[in-house]
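[1] Let's see this in three dimensions:
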Amino acid sequence: MTTKNNEIKLFDIFYVFLKIGIVLVGGGYIILPLLNSEIVEKKKWMDYDEILDKYCLSQCLPGIIVANTALFIGYKLKGILGAISALIGVTISAFIIIISLANTISLLFNNKIVTNIFEYVNLSVIVLILLTLKDMLKKSIIDKTTTFLFLLCLYLIIKIKLSPFIVIFISIILGLIISIIKKQMGVNKI
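    As a prediction, this is how the structure comes out:
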């Protein structure tokens, strides 16, 4: 059960996304487990399928996946002000850290201790990416058609070495064609 939008405060949206932004190392793929923990399990603002839908939509648009996802979820929770609160929350910590470290960042990355720390952090990022992959596979591969398309994309990228941009374009075209065919056949699930 999700919380009603009028019960959610803008500061709470900002604070949840601030917490997510502080630990968001590794890019957009690790945001799903963090969103699930904070928004679904702790706050009960949305269910996981809604989060996953917003995340998938965010990947289809230009820009930073994390920022797009925050915008969509914030908007769903509290309209335009919710979107702004979520976006500021998820981006402000990275902005402050980058500005603060701009002059010393090259020194940090040449430091062996810092390099080792990032190598260990990468291990946790891999785990979060695998969790995201598991969740997305369950939602995305739902029948023979989606299984075929998944395997085709995998083959085109790994074996043929096609550019991911071309594979995405092929997926869009095939998705459009399949949707039109299913609609003409009267299949409910497009």
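[2] Where does pLDDT dip in the chain?
    Within the chain, the stretches with pLDDT under 70 are 1-4, 26-27, 106, 188-190.
[3] Buried residues in stretch 108-120, which are they?
    Under the neighbour-count criterion of 16 or more other CB atoms under 10 Å, stretch 108-120 has nothing buried. (C-beta placed from N, C-alpha, C; glycine too.)
[4] Just the residues contacting that stretch, thanks.
    With contacts defined as CB atoms under 8 Å, 6 or more residues apart in numbering, stretch 108-120 is touched by Leu101.
[5] before we move on, what about stretch 170-178?
    So stretch 170-178 is contacted by 145, 149, 153, 156 (CB under 8 Å, 6+ apart).
[6] buried subset of those residues?
    Neighbour-count burial (16+ other CB under 10 Å) applied to those gives 149, 153, 156.
[7] Reformat the contacts of stretch 170-178 as TSV; add distance to Ile80 and secondary structure.
    Formatted as TSV, the contacts of stretch 170-178 follow (distance: CB to CB, whole Å; DSSP: H, G, I helix; E, B strand; the rest coil):
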residue	distance to Ile80	secondary structure
Thr145	37	helix
Leu149	35	helix
Cys153	35	helix
Leu156	39	helix
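[8] I'd like to know which of those residues is nearest to Val121.
    Cys153 (29.2 Å; CB to CB).
[9] any idea which element Phe11 lies in?
    Per DSSP states H and E, Phe11 falls inside helix 10-23.
[10] Pull the residues that contact that helix.
    31, 34-35, 38-39, 43, 66, 70, 74, 77-78, 81-82, 85-94.
[11] mind listing what's buried in the longest helix that the chain contains?
    The longest helix of the chain (DSSP state H) is helix 65-101. For helix 65-101, burial by neighbour count (16+ other CB under 10 Å) applies to 65-78, 82-91, 93.
[12] How about stretch 48-60?
    Buried residues in stretch 48-60, counting neighbours by 16+ other CB under 10 Å, are found at 50-52, 54-55, 58.
[13] Relative to Asn103, which of the residues you listed is nearest.
    Of all the buried residues of stretch 48-60, Ser58 has the smallest distance to Asn103: 32.5 Å, by CB to CB.
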